[in-house]
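Novice: Below are the sequence and a predicted model; questions follow.
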Amino acid sequence: MDRSEPADKDKPKQVIRETDDEAIRLARKLIATARHGALAVINRDTGFPGASRVALATDIDGMPIILVSALSGHTKPMLDEPRTSLMLGEVGKGDPLAHPRITLFTRARRIERDSDEGRRVRRRYLARQPKAALYADFGDFAFFRMEIERASLNGGFGKAYELTAGDLAMQGDTAGVADMEDGAVTHMNEDHGEAIGLYARVFGKAGEGSWRIATLDAEGMDLVDGDRICRAWFPAPLHHAADLRKVLVQMAADAREQTGAAE
């Protein structure tokens, strides 16, 4: 035996990397900022899988939400067999396979329109997909919540990860933030546009624009400017929803300091 060679030279190369905080943050960002995705369903009638494009938003705990018509080809299959998957990730310049994307393995659950959950989901969805207001309340449309069971993340060439539901579970006072989200978003958009612009530029790494807060959760906020969207993370998850105002004030101060130093 040539002892100059590694003893494990014949072992297969590990394709899946060990999940770390960077991978988890990338996965959550891809979910939070996705405006649309490819939905795959199991069609019991034909025996073939089916794929289609759907518009997306997220619920207060980060789970994807879709709005579909009963006439859509994927609605009946979802009701018959809730096991579904969603592929998310924007394609940029250059090789499309070099850009990050994530496949979520989910179970679809229809949401009752007149429940507290239904009203919350409707508000959050329309904040991200305002054009859907034209048909969201039609009787043959329904919201589905896509419960994530696991995920496969490709961060680019040689960057493959397998994530669990626990990796993607949102931390913090989710229920508390849900109770105050609507009022907080309205207040910030009406009275603190300058601060929101700073959040987008400094923490969302976005350019100038007419940024508004679309949704809040215990880990951060989703900001929108037309079709553009960016994610601004809080310094740490909100374990007490009452701390939201203090955190937003501190983030604005930090952003002003950073932009002042840069100028």
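Specialist: The structure has been received and is ready for your questions.

Novice: Any regions of the stretch 151-263 of the chain where pLDDT drops low?
Specialist: 261-263 (pLDDT under 70).

Novice: mind redoing it with 90?
Specialist: The model of the stretch 151-263 of the chain has pLDDT under 90 over residues 155-159, 259-263.

Novice: for the stretch 1-150 of the chain, same thing?
Specialist: Within the stretch 1-150 of the chain, the ranges that satisfy pLDDT under 90 run 1-17, 45, 47, 90-99.

Novice: in the protein, which spans are helices?
Specialist: Here the chain has its helices, by DSSP state H, at 21-33, 75-80, 116-128, 165-168, 174-191, 193-198, 244-262.

Novice: hey, C-alpha coordinates of the fifth one in PDB?
Specialist: Coordinates of the C-alpha atoms in helix 174-191 are reproduced here as PDB (Å, rounded to 0.1, in the frame of the first residue of the first chain):
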ATOM      1  CA  THR A 174     -44.800  35.000  16.000                       C
ATOM      2  CA  ALA A 175     -48.300  35.200  17.600                       C
ATOM      3  CA  GLY A 176     -47.500  38.600  19.200                       C
ATOM      4  CA  VAL A 177     -46.200  40.100  15.900                       C
ATOM      5  CA  ALA A 178     -49.300  38.800  14.100                       C
ATOM      6  CA  ASP A 179     -51.600  40.700  16.400                       C
ATOM      7  CA  MET A 180     -49.800  44.000  15.800                       C
ATOM      8  CA  GLU A 181     -48.600  43.600  12.300                       C
ATOM      9  CA  ASP A 182     -51.400  45.400  10.400                       C
ATOM     10  CA  GLY A 183     -51.300  48.500  12.600                       C
ATOM     11  CA  ALA A 184     -47.500  48.600  12.600                       C
ATOM     12  CA  VAL A 185     -47.200  48.300   8.900                       C
ATOM     13  CA  THR A 186     -49.800  51.100   8.300                       C
ATOM     14  CA  HIS A 187     -48.100  53.400  10.800                       C
ATOM     15  CA  MET A 188     -44.600  52.900   9.300                       C
ATOM     16  CA  ASN A 189     -45.700  53.400   5.700                       C
ATOM     17  CA  GLU A 190     -47.700  56.500   6.500                       C
ATOM     18  CA  ASP A 191     -45.300  58.200   8.900                       C
END
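
Novice: Sort out which residues of that helix are buried, please.
Specialist: 174, 176-178, 180-182, 184-185, 188 (16 or more other C-beta atoms under 10 Å). For the C-beta atoms, the positions are set from N, CA and C on the backbone; glycine is no exception.

Novice: Closest to Leu153 out of those residues?
Specialist: Of all the buried residues of helix 174-191, Leu153 sits closest to Thr174, with 22.6 Å by C-beta to C-beta.

Novice: quick revisit: next, format the helices of the chain as CSV and append distance to Asp217.
Specialist: As requested, the helices of the chain are exported to CSV (distance: least, C-beta to C-beta, whole Å):
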stretch, distance to Asp217
helix 21-33, 8
helix 75-80, 25
helix 116-128, 9
helix 165-168, 13
helix 174-191, 6
helix 193-198, 16
helix 244-262, 10
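
Novice: List the strands paired with the longest strand anywhere in the chain, with their directions.
Specialist: If you go by DSSP state E, the chain has its longest strand at strand 141-154. According to DSSP bridges, strand 141-154 forms sheet pairs with strand 64-69 (antiparallel), strand 101-110 (antiparallel), strand 160-164 (antiparallel).

Novice: got the contact list for Leu39?
Specialist: By C-beta atoms under 8 Å, 6 or more residues apart in numbering, Leu39 lies in contact with 51-54, 66, 74, 84-86.

Novice: What count of nearby residues applies to the spatially closest residue to it that is not a sequence neighbour?
Specialist: Spatial nearest neighbour of Leu39, excluding adjacent residues (C-beta to C-beta, 6 or more residues apart in numbering): Val54 at 4.7 Å. Val54 has 18 neighbours, counted by other C-beta atoms under 10 Å.

Novice: Since that was my last question, I'll sign off now.
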